[in-house]
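Enquirer: have a look; sequence and predicted model below, questions after that.
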Amino acid sequence: MRYLGNKTKIMPQIEKLLDEKNILINGLEFCDAFSGTATVGDYFQNVFRIISNDSLCASYYISRGKLINIPTFETLGFDPFDYFNNVDTNSYVQGFCYNNFAPTVSERMYFSDENAKLIDFIRDTIDNWSNDGLINDDEKSYLIASLLESLSKVSNVAGVYSAFLRKWDPRAIKRMFFIPVERTNGKSQYNNEFHLNDVNDFINNVHGDILYLDPPYTPTQYISQYHVLETIAKNDHPVTHGVGAHRDNGNQISRWCKKEYVGSEFEKLIANAQFRHIVFSYSDAGIMSKEFIEKVLKRYAVEGTYTFKQINFVKYKSTRAVNKEIADNTQKKTHYEWLFYIEKKQTPLYISPLNYIGGKFEVLPLLKDYMPHNIDVFYDLFGGGGTVSVNAEAQRVIYNDINPFVSSLLHKIATEDIGKTIKYIKRTIKKYSLSKANKEAYVALRTDYNSKEPSQRNPLDLYLLICFGFEHQIRFNSSHEFNNPCGNSGFNQEMCEKLIAFNMRAKQLGIEFNSQSYEGYENDITPRDFVYCDPPYLISCGAYNDGKRGFNGWNEEQEQQLLRFLERMNDRGIRFMLSNMVDRNGIENHPLNEWIERNHFRVIENANVTKRNRQNRKEIIIINY
């Protein structure tokens, strides 16, 4: 059967990749989450136990038809193929296919009148046999799959079913011959499993050894391209519309085909996958870039396991695609199919969407190693870029930062529909012609942002000013106008992936974003909670804590105030962790050292962060448990 994205031609390369990773092992569970016409599952069903899924009913029946043992139809008592190939259906005119997909009634030319009648008779008879208990579910699936295979041989289409041909293809006017669904392997070795579900709902309820992903690549919606097969598979007689008699797609419109959503769909799928090995197929003509895919996969990969292979591939081209290539003078361009592999790690780490000074991503493994378990509320009282909050494990997570602009920006990124966020960012970049080192465009956006009252500013405009600003700094003047100059950077695929990952993880945790003094939480915190503090460092100074940006700076008095706050936490039996610095280039933080010694708190050092930015610095973690 002709089908967009069919993997028949690259199956040897997929098999070779599995062999190289030492996972071509009999009996492993192999999940084909976008099964399509079950090319991959069929190829491997003599090795693996296959778990098949697709959101289209037609694909479900095809997969089931290919991945069950060939039925014997004992209860039926005769060969249905002989029966259907010898039946006279000339007078069978009540069927949906004849009335909607054939020329006499509808003037549509998907099938000849004769074949439309035969398709209707076969499909209705299959349901009748099923309702009468003459065939079981496997036998029903096998017959429907065989019907879809058979009718594809006489369909008057160019390859997909979005429209029919205006002249009869010679093969379309021949009588349809009812044939068994084509299979690479005649017998399944294991009891395979079949699902009909949206992939991101399905993935939360399944686990196994190998996850194979072959999602849609382009804006083309499969439900539209194969609506005829879907209608015949369901036999539900839908209301149709348009010249092509399309069915209402309803909730079957795939976000994998939408530019603003495909990245978040991919991120969620990889994050939620409960499989040790992941193999991903995509195309260089797809919506997602190789760079974005790589960033996502490496976030969730065991270090050193990420693998990429590029395969020359002759892709299917619609008439529109051919005409576009002619217009772009890219007819001779070589196309590639991409294969990716990772071994998935147990606990991925997430990072702030902001390149925030003092961010804790580098020391996250150390922080997480020493954080307690069974936390009711996790308080990140000096939240900054939010990296620690988004990696917290607690029943409830509260992010707080004294800078309301940063807090509101992270809240916007975390809670808004990610597709709308990305669409706004790209639209604004285009509106202002933002690009690296384009000072005029940058100043225009900054001027418009500062011209509004703070409560009326869109936080995503601030995000873009940070992205395209000098060293991604967050700087305001005393009037709370953003005053960082233009830089030599911009919005790229890595930053897009960080946005998506932060949005997904923050929603999973339900992070609450606030902006107030940390002391305002004192009466709320209980011994079942946990307090993390990452204040400005007394012996180090960044643009966010020098006291010249419209916000309070950080001095010894404020340091002592925080230390007294933590002493009160300790007296109440509340667990806390404090990140700080005790030495920088020979300058010692005496108040902090004296406080540690006086209270006998535990100090943890990390040699990996003792030298950064060519400075001799000693950063530590202090805990009271």
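Expert: Yes, it's here.
Enquirer: which residues touch R575?
Expert: 372, 527, 529-531, 623-625 (Cβ atoms under 8 Å, 6 or more residues apart in numbering). (Glycine included, C-beta is placed from N, CA and C.)
Enquirer: looking at those, which has the most residues close by?
Expert: Counting neighbours by other Cβ atoms under 10 Å, F530 comes out on top of these with 24 neighbours.
Enquirer: OK, contacts around the spatially closest residue to N492 that is not a sequence neighbour?
Expert: Of all residues not flanking N492 in the chain, E291 sits nearest, at 7.8 Å (Cβ to Cβ, 6 or more residues apart in numbering). Contacts for E291 (Cβ under 8 Å, 6+ apart) come out as 492-494.
Enquirer: adding distance to K436, secondary structure and neighbour count, write these out as a markdown table.
Expert: A markdown table is the format used below for these (distance: Cβ to Cβ, whole Å; DSSP: H, G, I helix; E, B strand; the rest coil; neighbours: other Cβ atoms under 10 Å):
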| residue | distance to K436 | secondary structure | neighbour count |
| --- | --- | --- | --- |
| N492 | 10 | coil | 14 |
| Q493 | 14 | helix | 17 |
| E494 | 14 | helix | 13 |
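Enquirer: can you redo these as a markdown table with distance to V302?
Expert: As requested, those are exported to a markdown table (distance: Cβ to Cβ, whole Å):
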| residue | distance to V302 |
| --- | --- |
| N492 | 25 |
| Q493 | 22 |
| E494 | 20 |
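Enquirer: nearest to N192 among these?
Expert: Q493 (37.1 Å; Cβ to Cβ).
Enquirer: help me confirm that K368 comes into contact with N391.
Expert: Yes. Assessed by Cβ atoms under 8 Å, K368 is found in contact with N391 at 6.7 Å.
Enquirer: can you check which residues contact both of those two?
Expert: With Cβ under 8 Å, 6+ apart, K368 and N391 have no common neighbours.
Enquirer: the more surrounded of those two?
Expert: N391 (24 against 14).
Enquirer: got phi/psi on the more buried one?
Expert: Main-chain torsions, N391, degrees, to the nearest 10: phi -110, psi 10.
Enquirer: was I right about P348 contacting Y300?
Expert: Yes. Counting by Cβ under 8 Å, Y300 is a contact partner of P348 at 4.9 Å.
Enquirer: so the two - more neighbours on which side?
Expert: Each of P348 and Y300 has its neighbours counted (other Cβ under 10 Å); Y300 has more, 21 against 15.
Enquirer: contacting residues around the more buried one?
Expert: 270-271, 278, 342, 344-345, 348.
Enquirer: and the closest residue to V93 other than its chain neighbours, how far is that from N128?
Expert: Among residues not flanking V93 along the chain, K117 sits closest, at 6.7 Å (Cβ to Cβ, 6+ apart). For K117, the distance to N128 (Cβ to Cβ, to the nearest Å) stands at 16 Å.
Enquirer: tell me which of those two has more neighbours.
Expert: With neighbours defined as other Cβ under 10 Å, K117 and N128 compare such that K117 has more, 23 against 11.
Enquirer: the more buried one belongs to a helix, doesn't it?
Expert: Yes. With DSSP: H, G, I helix; E, B strand; the rest coil as the criterion, K117 is located in a helix.
Enquirer: I figured it hits N90, correct?
Expert: Yes. Using Cβ under 8 Å, K117 is in contact with N90, at 7.0 Å.
Enquirer: Three-state assignment for T75, please.
Expert: Once three-state DSSP is applied, T75 turns out coil.
Enquirer: so who does it touch?
Expert: Here T75 is in contact with 133-136 (Cβ under 8 Å, 6+ apart).
Enquirer: what is the nearest of those residues to I422?
Expert: For those, the minimum distance to I422 (Cβ to Cβ) is 47.1 Å, reached by N136.
Enquirer: and that closest one, how far is that from I210?
Expert: 29 Å.
Enquirer: neighbour count for those two, which is higher?
Expert: For N136 and I210, the more surrounded residue by other Cβ under 10 Å is I210, and the numbers stand at 23 against 16.
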